[in-house]
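Colleague: model this:
(one chain, ligands or ions: 1)
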Amino acid sequence: MTLSSTDVAVRATGLSLRYGRTIALNNVSFTLGAGVTGLLGPNGAGKTTLLRIVATAVNPDSGSLSVFGHDPLTGPGRLAARRRIGYLPQDPGFHRSFTAFEFVDYVAILKELTDRRRRHDEVRRALDAVGLSARRGDRIRTLSGGSRQRVALAAALVGNPDVLILDEPTVGLDPEQRMRFRELFADLGEERTVLLSTHQTEDVTSLCREVIVLDHGGVRFSGPPAELTGLADGRVWTSDARAPGALASWRTGTGMFRHVGDPPVGAELLAPTLEDGYLTLVDLAAAQ
Ligand SMILES: Nc1ncnc2c1ncn2[C@@H]1O[C@H](COP(=O)(O)OP(=O)(O)OP(=O)(O)O)[C@@H](O)[C@H]1O
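Modeller: Sure thing, here's the model as predicted:
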């Protein structure tokens, strides 16, 4: 199914979840449409918890969720929602002695693809989509980290879900592999809804139509990446000396210093990056 740019695939309203005394999510609301939405936030902000709720792996304590109009908090709604969702968790729980094909086939069985012939075609399609056709008979324990992440992505893709939930899929990958994954996610986002949790601000700049920033379990920002970058307009500058009062200040390879924060009068301003916008946002939130 192809979504138009205004269709809503996922609607989350007032999601909250506690682990004992820890408030992991507090009244989180957002909608997801077509394309890639980035999820940024400091360690412990609640990103994995949020993805697990959207993937229907855990229920929130309160709030509601709709996936293509299905309510995953009811039995039939959960099944209908799960049929539309592919999830790449932080730890995919591989059986390392399985081959890539066997693992994706195993996930396909869990996804109710019962006809063996059609299932095997679909497993081959998913492995092909992530560029692993030639390695499908290799045991997972013999694969590199990048290839393992591809197997995990193929498992998320099997059954051709409309919503993909990806929890830090590029962590630990080298720059070339990260770029390859970006290509894949951009292609996937053309016809699907992709929610991508990452610590890589470049992933968000280069891929995402929207970005959500979570901090201490709450949504601190939601909007286009350029708007997040814009929060640091007029707050990034260069000089030949350290600026002790800045949020961040370092000597670059050119020998000049780059600073983010409140600039002095007459400072030579630089164009901000999304990372500068993110830093400014998290700092402003901390000051409140
Ligand atoms: N199973 C659990 N039991 C108790 N506390 C938990 C559990 N899972 C997460 N937490 C806590 O809930 C909060 C949110 O955790 P979560 O893993 O969702 O954050 P995150 O943004 O994904 O972090 P990271 O970027 O480090 O992966 C943290 O304070 C974490 O310690």
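
Colleague: measure residue 273 to residue 235 for me?
Modeller: Between residue 273 and residue 235 the distance is 12 Å, computed by Cβ to Cβ, to the nearest Å. For the C-beta atoms, the positions are set from N, CA and C on the backbone; glycine is no exception.

Colleague: next one: residue 168
Modeller: In terms of Cβ to Cβ, residue 168 sits 28 Å off from residue 235.

Colleague: same question, residue 177
Modeller: The value you get for residue 177 to residue 235, if Cβ to Cβ is used, is 33 Å.

Colleague: In terms of neighbours, single out the busier of these two.
Modeller: residue 235 (22 against 17; other Cβ atoms under 10 Å).

Colleague: need the contact list for that one.
Modeller: 260, 261, 262, 263, 272, 276, 280 (Cβ atoms under 8 Å, 6 or more residues apart in numbering).

Colleague: Could I get the buried residue list for the helix or strand harbouring residue 108?
Modeller: Using DSSP states H and E, residue 108 sits within helix 100-110. Within helix 100-110, the residues scored as buried using 16 or more other Cβ atoms under 10 Å are 100, 101, 102, 103, 104, 105, 107, 108.

Colleague: Flag every residue of the stretch 1-150 of the chain that's near the ligand.
Modeller: Contact residues (Cβ under 6 Å from any ligand atom) of the stretch 1-150 of the chain with the ligand: 19, 22, 24, 41, 43, 44, 45, 46, 47, 48, 49.

Colleague: Which parts of this protein are helices?
Modeller: 47-54, 75-82, 100-110, 116-129, 145-157, 175-191, 201-207, 225-230, 274-287 (DSSP state H).

Colleague: For the second one, list the C-alpha coordinates in PDB.
Modeller: Output of helix 75-82 as PDB, limited to C-alpha atoms (Å, rounded to 0.1, in the frame of the first residue of the first chain):
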ATOM      1  CA  GLY A  75      -6.500  -8.700  20.900                       C
ATOM      2  CA  PRO A  76      -7.800  -8.500  17.300                       C
ATOM      3  CA  GLY A  77      -6.400  -5.000  16.900                       C
ATOM      4  CA  ARG A  78      -2.900  -6.200  18.000                       C
ATOM      5  CA  LEU A  79      -2.900  -9.000  15.500                       C
ATOM      6  CA  ALA A  80      -4.100  -6.700  12.700                       C
ATOM      7  CA  ALA A  81      -1.500  -4.000  13.600                       C
ATOM      8  CA  ARG A  82       1.300  -6.600  13.900                       C
END
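
Colleague: any idea how far it is from the chain center?
Modeller: Centroid separation for helix 75-82 versus its chain: 22 Å, with Cα atoms, centre = their mean, to the nearest Å.

Colleague: Now tell me what touches it from outside.
Modeller: 56, 67, 68, 70, 71, 72.

Colleague: before we move on, the earlier item: how about a markdown table for the buried residues of helix 100-110, with pLDDT and distance to residue 164 added?
Modeller: Below are the buried residues of helix 100-110 laid out as a markdown table (pLDDT from 0 to 100; distance: Cβ to Cβ, whole Å):
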| residue | pLDDT | distance to residue 164 |
| --- | --- | --- |
| 100 | 94 | 19 |
| 101 | 95 | 21 |
| 102 | 95 | 22 |
| 103 | 94 | 18 |
| 104 | 95 | 15 |
| 105 | 95 | 19 |
| 107 | 92 | 14 |
| 108 | 93 | 16 |
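
Colleague: which pair in the residues you listed spans the largest distance?
Modeller: Greatest spatial distance in these: 100 and 108, 12.5 Å, computed using Cβ to Cβ.

Colleague: Now list the buried members of the contacts of residue 235.
Modeller: Buried among the contacts of residue 235 by 16+ other Cβ under 10 Å: 260, 261, 263, 272, 276, 280.

Colleague: what residue is smack in the middle of this structure?
Modeller: When Cα atoms, centre = their mean is applied to the chain, the residue found nearest the centroid is residue 196 (1.5 Å).

Colleague: just checking, what packs against the helix or strand bottoming out on mean pLDDT in the chain?
Modeller: The helix or strand of the chain with the poorest confidence is helix 274-287; it has a mean of 87 (mean pLDDT, DSSP states H and E). Helix 274-287 sits against helix 201-207, strand 210-215, strand 218-223, helix 225-230, strand 257-260, with contacts defined as 3 or more Cβ pairs under 8 Å, 6 or more residues apart in numbering; DSSP states H and E.

Colleague: what does it rub up against?
Modeller: 40, 42, 201-202, 204-205, 211, 213, 215, 220-221, 225, 228-232, 235-236, 247-248, 260.
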